[in-house]
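K.L.:
everything below, folded, please.
(one chain, ligands or ions: 3)
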Amino acid sequence: MAFFMVFLVIFLLLLCISSALLRWNEVRYRKKGLPPGTMGWPVFGETTEFLKQGPNFMKNQRARYGSVFKSHILGCPTIVSMDPDLNRYILMNEAKGLVPGYPQSMLDILGKCNIAAVHGSTHKYMRGALLSLISPTMIREQLLPTIDEFMRIHLSDWDNKIIDIQLKTKEMALLSSLKQIAGSDSSTISQAFMPEFFKLVLGTLSLPIDVPGTNYSRGIQARKNIVSMLRQLIEERRASKETHQDMLGCLMKSEESRYKLTDEEIIDQIITILYSGYETVSTTSMMAVKYLHDHPRVLQELRKEHLAIKEKKRPEDPINLTDLKSMCFTRAVIFETSRLATIVNGVLRKTTEEMELNGFVIPKGWRIYVYTREINYDPFLYLEPLSFNPWRWLDKSRLESQNYLFIFGGGTRQCPGKELGIAEISTFLHYFVTRYRWEEVGGDALMKFPRVEAPNGLHIRVSSY
Ligand code: HEM
Ligand SMILES: *[C@@H]1O[C@H](CO)[C@@H](O)[C@H](O)[C@H]1NC(C)=O
Ligand SMILES: *[C@@H]1O[C@H](CO)[C@@H](O)[C@H](O)[C@H]1NC(C)=O
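P.N.:
Ligands and ions are numbered 1, 2, ... in the order given. Here you go, the predicted structure:
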């Protein structure tokens, strides 16, 4: 009995302390004009609920507080906006003080010249330099032939094997970019580069605690190793005076170019390209394989498109821009995959000064989570939003150009790599569906949130088509 009383007293005491803590945290953030919402626990906020319940956490808070609410997630007081018009406004108005708000670990590891770390005229300059590397002419003349050559080799020899398609698409996204960047030199560095790059990616998604053994400190170390590999490559090329037809070659011949970057900027630009096109391209490719497996009618239509292209070519002819332009159904499959799987849930911004948004006052330095997931399932934009139906994208002028398409972001930071990414995934699909048929081994779990991934891989049994 006595034991029970002690237990009860301790329990009541804990209850009092925790409700006082919660209350204190609410009062601390109760400023006039902030949107409604809850702030959770001191320091931790509502991060646990957010990560555990995922999209449902967002939906529940919206049902209670409306589509703009405050919270405290991932270490910062945050405004979540699920309002499509406000989201558009935020993305279009960086100049009013709505700059990227990515976590410190990401900025530390991607470098201070990284595109997400720079604003204003510096951003314009770095973005311009990037766009000149991936212009339509560059895609036609240099990148597409490189991608074709890469995919042919990467997708050879899968016959009669069990393949982890998640791993294969990750390697593909990284190594294909590396080949576009460093051309033939990429094959000499790729084996050393790959494990460092994977560590770098993990580091950007970790808590910034610089103690040996953490994912963060491994990420910082991986960045150092990658920087020194790239620096060595730059120096070797400078010494040899050869010209190279690849992205690094373009970045280094600054005399004829409008953009002159320092070595440090060149290196961060390369890391930006590798990082931005990595998870997006690999996950979209993996999910396309998944959806195609589950929807035989779609696969049949896609194969028809690619067999028709193949028929018109000799086996050694590479996929060129004419072929790519004719892949209308493939493009639709890619858009439908990105929409239904929601590869990107939203983007992060932060305020550089106190400002008013939708009648609310947002304090300086708060993070804004421009949460764009729900618009992908809007029944007014997409009839039967939960079904995988690429045909809905074929009337391209309508869906692809509507104002509420955030798959590639929007405004001043809309994805510059959109067409390049589509070209890579399309070429991958071309060789995949014309060379192979496949079935899932089964039993692999797929996580949808906070990132789309298969924790233990996605295994398929491949045979030749
Ligand atoms: C299917 C593939 C892709 C998807 C879904 C995608 C999605 C996005 C999104 C949503 C943003 C906006 C981020 C923000 O506003 O904060 C973005 C920005 C960006 N993307 Fe992509 N992306 C893809 C492929 C690529 C590729 C292949 C590259 C390689 C060059 C790339 C490079 C970038 C860069 C550099 C930015 C930052 C632009 C800036 O801040 O001005 N992306 N992407
Ligand atoms: C580091 O990353 C791995 C792989 O995602 C994860 O399982 C592990 O929990 C992370 N470690 C820490 C300390 O966050
Ligand atoms: C692309 O390849 C096809 C067939 O190989 C050919 O007919 C077409 O002219 C090529 N287009 C360009 C722009 O080279």
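K.L.:
where does the protein dip in pLDDT?
P.N.:
1-29, 396 (pLDDT under 70).
K.L.:
ranges for the strands of it?
P.N.:
68-73, 76-81, 98-100, 161-164, 346-351, 355-357, 360-362, 367-371, 436-440, 459-464 (DSSP state E).
K.L.:
for ligand 3, which of these is the nearest?
P.N.:
In terms of Cβ to the nearest ligand atom, the element of the strands of the chain nearest to ligand 3 is strand 436-440, at 21.8 Å. From N, CA and C alone the C-beta is placed, and that goes for glycine too.
K.L.:
give me the helices and strands touching that closest one, please.
P.N.:
Counting contacts by 3 or more Cβ pairs under 8 Å, 6 or more residues apart in numbering; DSSP states H and E, strand 436-440 packs against helix 279-294, strand 459-464.
K.L.:
out of those, flag the one nearest Gly411.
P.N.:
Closest of the helices and strands packed on strand 436-440 to Gly411 is helix 279-294, at 17.8 Å (criterion: Cβ to Cβ).
K.L.:
coming back round to it: for the helices and strands packed on strand 436-440, which one ends up most surrounded?
P.N.:
Compared across the helices and strands packed on strand 436-440, helix 279-294 shows the largest average neighbour count, a mean of 23 (mean count of other Cβ atoms under 10 Å).
K.L.:
which bits of the chain sit near ligand 3?
P.N.:
By Cβ under 6 Å from any ligand atom, the residues of the chain that approach ligand 3 are 312-313, 317, 320-323.
K.L.:
who are the contact partners of the residue in the stretch 1-150 of the chain that ligand 3 sits nearest to?
P.N.:
Nearest to ligand 3, among the residues of the stretch 1-150 of the chain, is Arg140, at 7.5 Å (Cβ to the nearest ligand atom). By Cβ atoms under 8 Å, 6 or more residues apart in numbering, Arg140 lies in contact with 320-321.
K.L.:
before we move on, back to that, so which of the residues of the chain next to ligand 3 are also by ligand 2?
P.N.:
With Cβ under 6 Å from any ligand atom as the criterion, no member of those is in contact with ligand 2.
K.L.:
distance of Glu353 from ligand 1?
P.N.:
In this view, Glu353 and ligand 1 are 19 Å apart by Cβ to the nearest ligand atom, to the nearest Å.
K.L.:
number of residues surrounding that residue?
P.N.:
11 (other Cβ atoms under 10 Å).
K.L.:
wait, it sits on Trp366?
P.N.:
No - Glu353 is beyond contact range of Trp366, at 10.6 Å (criterion: Cβ atoms under 8 Å).
K.L.:
where exactly do the helices run in the stretch 101-250 of the chain?
P.N.:
104-110, 120-133, 136-138, 144-154, 165-182, 186-204, 215-240, 247-252 (DSSP state H, counting those that start in this stretch).
K.L.:
name the stretch among the ones you listed that sits most buried.
P.N.:
Highest mean neighbour count among these (mean count of other Cβ under 10 Å): helix 165-182, a mean of 23.
K.L.:
could you export that helix as PDB, CA atoms only?
P.N.:
Output in PDB follows, covering the C-alpha atoms of helix 165-182 (Å, rounded to 0.1, in the frame of the first residue of the first chain):
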ATOM      1  CA  ILE A 165      16.800  -1.700 -57.200                       C
ATOM      2  CA  GLN A 166      17.100   0.800 -54.400                       C
ATOM      3  CA  LEU A 167      20.800   0.300 -54.200                       C
ATOM      4  CA  LYS A 168      21.100   0.200 -58.000                       C
ATOM      5  CA  THR A 169      19.200   3.500 -58.500                       C
ATOM      6  CA  LYS A 170      21.300   5.200 -55.800                       C
ATOM      7  CA  GLU A 171      24.500   4.200 -57.400                       C
ATOM      8  CA  MET A 172      23.100   5.200 -60.800                       C
ATOM      9  CA  ALA A 173      22.100   8.700 -59.600                       C
ATOM     10  CA  LEU A 174      25.500   9.300 -58.100                       C
ATOM     11  CA  LEU A 175      27.800   7.700 -60.700                       C
ATOM     12  CA  SER A 176      25.800   9.200 -63.700                       C
ATOM     13  CA  SER A 177      26.300  12.700 -62.200                       C
ATOM     14  CA  LEU A 178      29.900  12.000 -61.500                       C
ATOM     15  CA  LYS A 179      30.400  11.000 -65.100                       C
ATOM     16  CA  GLN A 180      28.700  14.200 -66.300                       C
ATOM     17  CA  ILE A 181      31.000  16.200 -64.100                       C
ATOM     18  CA  ALA A 182      34.400  14.500 -64.500                       C
END
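K.L.:
touching ligand 1 at all, that helix?
P.N.:
No - judged by Cβ under 6 Å from any ligand atom, helix 165-182 makes no contact with ligand 1; its nearest approach is 7.0 Å.
K.L.:
put the alpha carbons of stretch 85-102 into PDB.
P.N.:
Extracted in PDB, the C-alpha atoms of stretch 85-102 (Å, rounded to 0.1, in the frame of the first residue of the first chain):
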ATOM      1  CA  ASP A  85      -1.600  30.200 -52.400                       C
ATOM      2  CA  LEU A  86       0.600  31.200 -49.400                       C
ATOM      3  CA  ASN A  87       3.100  28.600 -50.400                       C
ATOM      4  CA  ARG A  88       3.300  30.000 -53.900                       C
ATOM      5  CA  TYR A  89       3.700  33.500 -52.500                       C
ATOM      6  CA  ILE A  90       6.500  32.400 -50.200                       C
ATOM      7  CA  LEU A  91       8.400  30.700 -53.000                       C
ATOM      8  CA  MET A  92       8.000  33.700 -55.300                       C
ATOM      9  CA  ASN A  93       9.100  36.300 -52.700                       C
ATOM     10  CA  GLU A  94      12.600  35.400 -51.500                       C
ATOM     11  CA  ALA A  95      13.500  39.100 -52.000                       C
ATOM     12  CA  LYS A  96      11.100  40.100 -49.200                       C
ATOM     13  CA  GLY A  97      13.200  38.200 -46.700                       C
ATOM     14  CA  LEU A  98      12.100  34.500 -47.200                       C
ATOM     15  CA  VAL A  99      15.400  32.800 -47.700                       C
ATOM     16  CA  PRO A 100      16.200  29.000 -47.600                       C
ATOM     17  CA  GLY A 101      16.000  27.600 -44.100                       C
ATOM     18  CA  TYR A 102      17.800  24.300 -44.200                       C
END
